[in-house]
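Chemist: Got a sequence here, can you build the structure:
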Amino acid sequence: MRTVGWEAICGRARVALETLPETAVLAGHSMGAGVVGSVWPDRDLSAGIVLFHGLAEIPQNVRRGIPIAVHVADPDQFALPEELARWTAMAEKADAVAEVFTYPNVGHFFTDETLPDYNAAATDQTWERVLSFLNAITITKCHEER
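Modeler: From the prediction side, this is the model:
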């Protein structure tokens, strides 16, 4: 980010999203959660949002009922308890269906096996939850299309 800048990163994300359906699930890790927050207002038809190791700003035009899953360490320097509480209140006010999963006693990047923060048990639980989240979106979408 220091080399190319925030605007360039978000611009690259927007370009990458051009090839995906408007209903694609948006997901971001750490700083990438912030990138999701940047592109989300322009992707209001996204089927869902998954945030790892960070939070994204909830846009004004958020779709009511959009499913959101947040996965953060407990505590996490980039998602402190008071920030999580504020974020959860904002999600409720926006009528989003948000679940916040916290993983105690792990480091910020607990899902990255190349880093010292890595925690296999928390990572396995995270991916199980993410797959369940995505499966629920798929089932809901199939029922809506009938």
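Chemist: Give me the most central residue, this protein.
Modeler: The centroid of the chain falls nearest to residue 51 when counting by Cα atoms, centre = their mean (1.8 Å).
Chemist: Just name whatever secondary elements the helix or strand that that one is a member of is in contact with.
Modeler: Element membership of residue 51, judged by DSSP states H and E, is strand 49-52. Secondary-structure packing of strand 49-52 (3 or more Cβ pairs under 8 Å, 6 or more residues apart in numbering; DSSP states H and E): strand 26-29, helix 31-39, strand 67-74, helix 120-145. C-beta here means a position set from N, CA and C on the backbone, and glycine is covered the same way.
Chemist: neighbours of residue 126, just the number please.
Modeler: Counted with other Cβ atoms under 10 Å, the neighbours of residue 126 add up to 22.
Chemist: Kindly report the same for residue 106.
Modeler: 21.
Chemist: Tell me the confidence at the residue lying closest to it once chain neighbours are set aside?
Modeler: Spatially, and ignoring its direct neighbours in sequence, residue 106 is nearest to residue 119 (4.3 Å; Cβ to Cβ, 6 or more residues apart in numbering). pLDDT, residue 119: 97.
Chemist: re the thing from before, what lines up beside the strand holding residue 51 in the sheet?
Modeler: Paired with strand 49-52 in the same sheet, following DSSP bridges, are strand 26-29 (parallel), strand 67-74 (parallel).
Chemist: okay, these, which one's buried deepest?
Modeler: Highest mean neighbour count of the strands paired with strand 49-52: strand 67-74, a mean of 23 (counted as mean count of other Cβ atoms under 10 Å).
Chemist: Residues contacting it, please?
Modeler: 47-55, 78-79, 81, 84, 87, 91, 96-108, 110-111, 117, 126, 129-130, 133, 136-137 (Cβ atoms under 8 Å, 6 or more residues apart in numbering).
Chemist: Mind checking which of those residues are buried?
Modeler: Neighbour-count burial (16 or more other Cβ atoms under 10 Å) applied to these gives 47-55, 78-79, 84, 87, 91, 96, 98, 100-103, 106-108, 110-111, 117, 126, 130, 133, 137.
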